[in-house]
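> structure, please.
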Amino acid sequence: MNEFDYLHSSLNSYATITDDTWSKIKSFSRVIKIKKMNFLINMGEIPTSFYFVYKGIFRAYCFGGKDGTKEVNKVFFQEGSYPASVCAALKQEQSLFAIEALEDSVVIQIDYKRYRNLLEEKEDLKWFHINYIEKNWIIEKEIQEVSLLSDDAKERYAQFLSQYPKLVARLPLFHLASKLGITPTQLSRIRNDFK
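Modelled structure (predicted):
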């Protein structure tokens, strides 16, 4: 399946997209390659696009900790997902986090403003948007947030493993540890318990 066929299939998995809507989406989208350790979005940048991952993994991260220098992973994006700094794009403000490639990757870049204009006129795209937000930003995010607040480290790892079984093996230990709110040493011990 090529890049655009994969995107089309993904859109249709949330809501049936008409040929006219699909044709318009393709007209303001393009395939790009991103090398490992390069960025889709930098901190402080006002994003003009969002993306669809055809191949690769990305992490969204910001800086936190007591002195504001510790990297904190917010979320990982793998094949079939849509990396974006949505709040920054909606408000036309600087992104508070960066999105970095963890592998050599291929994405489809989608013009955000033209997507929003199309969203206003196309009912099928509205249903895609609603269904995507409900599944990925409300249901999945709530499960992750509750787990982070109430589960111990071992339970959080088990939850992540259950939700993203193929992703765990592809992530560097320190990035996954950051996402789970533990140290790499703690994660290493937990992983040994799961073997």
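> what about the chain, any weak spots by pLDDT?
Scanning the chain for pLDDT under 70 picks out the ranges 144, 147-148.
> the nearest residue to residue 86 once chain neighbours are set aside: neighbouring residues, count only.
Closest residue to residue 86 apart from its sequence neighbours, by C-beta to C-beta, 6 or more residues apart in numbering: residue 50 at 7.3 Å. Backbone N, C-alpha and C define where each C-beta goes, glycine included. Residue 50 has 21 neighbouring residues, counting by other C-beta atoms under 10 Å.
> residue contacts, residue 50?
Going by C-beta atoms under 8 Å, 6 or more residues apart in numbering, residue 50 touches 82-84, 86, 89, 110, 112, 115.
> how about the one helix or strand it maps to: buried residues?
For residue 50, the host element (DSSP states H and E) is strand 49-55. By 16 or more other C-beta atoms under 10 Å, the buried positions in strand 49-55 come out as 49-54.
> if we can go back for a sec, how far away is the residue nearest to residue 86 from residue 158?
From residue 50 across to residue 158, the span is 31 Å (C-beta to C-beta, to the nearest Å).
> do the same with residue 115
Relative to residue 158, and taking C-beta to C-beta, residue 115 is found at 36 Å.
> what does residue 90 give?
34 Å.
> neighbour-wise, which of those two wins?
Of the pair residue 90 and residue 158, residue 158 is the one with more neighbours under other C-beta under 10 Å, namely 16 against 12.
> got phi/psi on that one?
Backbone torsions for residue 158, taken as degrees, to the nearest 10, come to phi -60, psi -40.
> try residue 72
phi -120, psi 120.
> same deal with residue 85?
Backbone geometry at residue 85, expressed as degrees, to the nearest 10, gives phi -110, psi 80.
> quick one: which helix or strand includes the residue nearest to residue 60 when sequence neighbours are not counted?
Nearest in space to residue 60, with sequence neighbours left out and distances taken as C-beta to C-beta, 6+ apart, is residue 74 at 4.4 Å. Assessed by DSSP H and E, residue 74 sits inside strand 70-77.
> tell me the helices and strands packed up against that strand.
strand 58-64, helix 173-180 (3 or more C-beta pairs under 8 Å, 6 or more residues apart in numbering; DSSP states H and E).
> who's in contact with the last one?
Which is helix 173-180. The contact list for helix 173-180 (C-beta under 8 Å, 6+ apart) reads 59, 61, 71-76, 102, 148, 153, 156-157, 160, 168, 183-184, 186-188.
> any idea of the angle it forms with strand 70-77?
Taking axes from the mean of the first three to the mean of the last three C-alpha atoms, to 10 degrees, helix 173-180 and strand 70-77 form an angle of 90 degrees between their directions.
> what about helix 173-180, distance to the chain center?
Distance of helix 173-180 from the chain centroid (C-alpha atoms, centre = their mean, to the nearest Å) equals 15 Å.
> so which bits of that helix are buried?
Buried residues in helix 173-180 (16+ other C-beta under 10 Å): 175-180.
> for the closest residue to residue 57 other than its chain neighbours, what are phi and psi?
Spatial nearest neighbour of residue 57, excluding adjacent residues (C-beta to C-beta, 6+ apart): residue 102 at 4.5 Å. Here is the backbone geometry of residue 102 (degrees, to the nearest 10): phi -100, psi -10.
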